[in-house]
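> sequence first, then the predicted structure:
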Amino acid sequence: MHINTNKNNVQVKRFGYTHQVANPDKFLRFDLVEGNFSVELKTAVKTWLRQIPIECVMHFPEKNVEVLDLLSRWFAVAPSNIAVSNGSDSIIEVLPKIFLRKGDRAVVVVPAFFRFIEAMRRVGVEPNFVKLNECNDFVWTKEITLQILAEAKDDKVKLIWLASPNNPTGQTISSIALEEIINTGKVVILDTALNGLPAQMEKELNLLTRGNLILLSSFSKVLGLAGLRFGFSISSPEITTKINEWLLPFDVSGPTLFLVKRLLIDLLRTKTTTKDQNFFEEKRRLVENLSRIDRVKVINNPTTNFIMLRQTNNLDLFSDLKQKGVLVADLNDCPGIENEGFIRITAKDKESNNKLIEIIRNI
């Protein structure tokens, strides 16, 4: 494993589905993958917001030792295994700068979170794509694992980017497949932001001893606190040290650290319920209704809070919905499914979901 210290950067055109309109607040928004959380957690966060001391705003923040200690207890790893950042985005951005030089290669399973590809292109590295198959709803197969293993035989391949569940398909990777890929010796990045609670990551955490696995997560999806902008990586102490060297010194705000500390204390005491028990029942209802609509194909994983749709018969569902005041994620620029008419929607409350169902029916 080599670690690059070259900080040269290049400009890269961003994919479009995060900044699709100039006035997003005027739309009924289904475009961003934001997690749901319980009324109990929402009430607790409101209380903690009122308790933020003025010093958190007046002084430069430190990456609080207490926060690292609490995270390490929550995930049962050492503090030296954890790097915290302003969302997992910040860590995604620095990983190619640490591990890739021009001429190196990296493998990305697509469709994928666009930030993986964007971050690599900023350092002048074009990814090798391994494509999931639409014919089986993008399910991870043995053939996908074999393709990655074949790519990993190339000495120029230094990084392998994975996500489980995947964004935007929602599909997961088996622990057997993950272990086979880790055994290649390449640096493997696994984004668990959509399923990143300790109980859900037990097998992945056990693989950290291999030394070449980097787990990414945040509080945006699993805890529904996207505006908090708090993310982290869990990896070997060597890799964690390098990540911290590249992250900006004050990239996590004082108010965020205060709230994270309060939240982790409650989670460790199991005082706060994080999940909205009714949410996934409502999502199932949304999927059932969308599945009955002609000219729309639904691709769904019941463990995620979003749904992937494909319009058929020359429908332009993204544009038609936008004209009706509804904003969804347009995936026509997403590698692996370019110009194939896919959109992604994030399930919301019953009233909003009903509006979406009715508008799509009318379209």
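It's in. Numbering: from 1, shown residues only.

> so which residues of the stretch 201-350 of the chain form helices?
Ranges of helices in the stretch 201-350 of the chain, per DSSP state H, counting those that start in this stretch, are 202-206, 237-246, 254-268, 279-291, 317-323, 350-362.

> which stretch among these comes nearest residue 154?
helix 237-246 (21.6 Å; C-beta to C-beta). (C-beta placed from N, C-alpha, C; glycine too.)

> and the closest one, what's buried?
239, 240, 242, 243, 244, 246 (16 or more other C-beta atoms under 10 Å).

> closest to residue 220 out of these?
residue 243 (18.6 Å).

> looking at the helices of the stretch 201-350 of the chain, which is nearest to residue 97?
helix 237-246 (6.1 Å).

> what residues does that closest one touch?
Applying C-beta atoms under 8 Å, 6 or more residues apart in numbering, the external contacts of helix 237-246 come out as 3, 63, 78, 80-83, 91, 94-95, 97-98, 187, 211, 214, 233, 235.

> gap between it and the chain center?
21 Å (C-alpha atoms, centre = their mean, to the nearest Å).

> show the average pLDDT along it.
Mean per-residue pLDDT for helix 237-246: 96.

> do stretch 34-52 as well
Stretch 34-52 comes out at a mean pLDDT of 84.

> just the C-alpha atoms of that stretch, please, in CSV.
What follows is stretch 34-52, C-alpha atoms only, in CSV (Å, rounded to 0.1, in the frame of the first residue of the first chain):
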residue,chain,number,x,y,z
GLU,A,34,-32.1,12.4,3.9
GLY,A,35,-32.8,9.9,6.6
ASN,A,36,-35.9,9.6,8.8
PHE,A,37,-35.8,9.6,12.6
SER,A,38,-38.2,9.2,15.4
VAL,A,39,-40.2,11.9,17.1
GLU,A,40,-38.3,11.0,20.3
LEU,A,41,-35.0,11.8,18.7
LYS,A,42,-36.4,15.0,17.1
THR,A,43,-37.6,16.2,20.5
ALA,A,44,-34.2,15.4,22.1
VAL,A,45,-32.3,17.3,19.3
LYS,A,46,-34.5,20.4,19.7
THR,A,47,-33.7,20.3,23.5
TRP,A,48,-29.9,20.0,22.8
LEU,A,49,-30.0,22.8,20.3
ARG,A,50,-31.3,25.2,23.0
GLN,A,51,-28.4,24.1,25.3
ILE,A,52,-25.5,24.9,22.9
